[in-house]
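S.K.: Task: produce atomic coordinates for the following.
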Amino acid sequence: MSKSDLGTIEKVNLQDVWPNEAQDFTPWLEQNLLALGDSLGMELEMEKREAPVGSFSLDLLANDLSRGRTVVIENQLTQTDHKHLGQLLMYASGYDASVVVWLAKEIREEHRQAIDWLNQRTDERTEFFGVAIELLKIDNSRPAPHFKLVAFPNDFRKHNVGIGEAAIPSERQELYRTYFQNLFDRLRESHKFTGARKAQSKSFTGLSSGFSRISYAHSFAQGGRVRLGLYIDQREASENKWLFDQLEKDKASLESEFGEPFEWDRLDLKKASQIVIYRDGTIDEDLETLEDISNWAIDGLLKLKSVFRPRLAKILENRGQENATK
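M.R.: Purely as a prediction, here's the structure:
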């Protein structure tokens, strides 16, 4: 290929595509949260748009599924300003957020410095991001969004500045972190299954199913067993039980496609419901056995997605149509 065959990258004015931040950009971002999550190395799931904080409203409230963290997102189609910085901190405190994302056309230098300072002064359980949103096109192509990280946590400082002994993971917690980090890396790099890049020191993780508050869950359970399955935890218990019942009607077909029977845990005394499989194993196994567990989990997650995604899409679409006609 010669130099003359190369295209020219151009920036597109954000307002040409999203004339109004609240009416155009925020709804678009809600529908494209996975793309933002990929740039942050997180598995983001939407919780609520225009989430109330007193008399104010946060643009987007989300969850980082893979780490079980609350995420607040405030956006601007202009350069950052002091007003939004103050609001962002208020929203973070209002929802006790662990991840704070400021998305804007341009992150001003003084605000980048402020985000860096917050990351240096807070512990490893709190993360601040400054993200510039760009629209790029090559020659006459359609414009494409690009999330550019301008300010983000410095993990080395977080682990070494003022976090205290309580934040240092135990040997067992480090085993969990290593196992799930390896799992995330394989799922992301080999299967494009997740955008998650950083594992927690916990015995469980969640991964997005593509449907709000429905996730794929993988954990080391009690009794020397490892669990994998679909976890349904919508806002209302009645909605969870209804969706569980709709899926169970197709039990024979689902299990046939998956290749083995599920344990159908409606969990009537709890809000959530789950459909799971188990195998023997603990985090204390040797490396070869942990690798076998990881292979089992990856194979199972890929099959769960293949089997449940079309069913969930159909059920939820029909539910939406029914609600629209009421």
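
S.K.: Now do the SS call for the closest residue to residue 14 other than its chain neighbours.
M.R.: Nearest-residue entry for residue 14: residue 77, 5.1 Å, with adjacent residues in sequence omitted and distances by Cβ to Cβ, 6 or more residues apart in numbering. (C-beta placed from N, C-alpha, C; glycine too.) Put simply, residue 77 is coil when judged by DSSP: H, G, I helix; E, B strand; the rest coil.

S.K.: In contact with residue 77: list those residues for me.
M.R.: With contact set as Cβ atoms under 8 Å, 6 or more residues apart in numbering, residue 77 has these partners: 14, 15, 18, 21, 25, 104, 105.

S.K.: Could you do residue 89 as well?
M.R.: Remark: with contacts taken as Cβ under 8 Å, 6+ apart, residue 89 is in contact with residue 100.

S.K.: what does residue 43 give?
M.R.: Counting by Cβ under 8 Å, 6+ apart, residue 43 touches 37, 64, 65, 66, 194, 195, 196, 206, 207, 208.

S.K.: Mind giving me the PyMOL select for those, buried ones only?
M.R.: Buried members of the contacts of residue 43 can be picked out in PyMOL with the line below, counting by 16 or more other Cβ atoms under 10 Å:
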select buried, resi 37+64+65+66+194+195+196+206+207+208
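
S.K.: out of the contacts of residue 43, who's nearest residue 297?
M.R.: residue 207 (10.2 Å; Cβ to Cβ).

S.K.: can I assume the closest one is in contact with residue 64?
M.R.: No - under the contact definition of Cβ atoms under 8 Å, residue 207 does not touch residue 64, with a separation of 11.1 Å.

S.K.: related to what we said a few turns ago, check pLDDT for the contacts of residue 43 and point me to the minimum.
M.R.: Ranked by pLDDT, the contacts of residue 43 bottom out at residue 66 (79).

S.K.: how many other residues sit next to residue 259?
M.R.: The number of residues packed near residue 259 is 11, by other Cβ atoms under 10 Å.

S.K.: Give me the distance between it and residue 300.
M.R.: Distance of residue 259 to residue 300, given as Cβ to Cβ, to the nearest Å: 10 Å.

S.K.: Point out the ones among the contacts of residue 43 that are inside strands.
M.R.: Members of the contacts of residue 43 lying in strands (criterion: DSSP state E): 64, 206, 207, 208.

S.K.: Next, format those residues as TSV and append distance to residue 189.
M.R.: Compiled in TSV, these are given as follows (distance: Cβ to Cβ, whole Å):
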residue	distance to residue 189
64	19
206	20
207	15
208	17
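
S.K.: circling back: out of the contacts of residue 77, which are buried?
M.R.: The neighbour-count test (16+ other Cβ under 10 Å) marks 14, 18, 21, 25, 104, 105 as buried among those.
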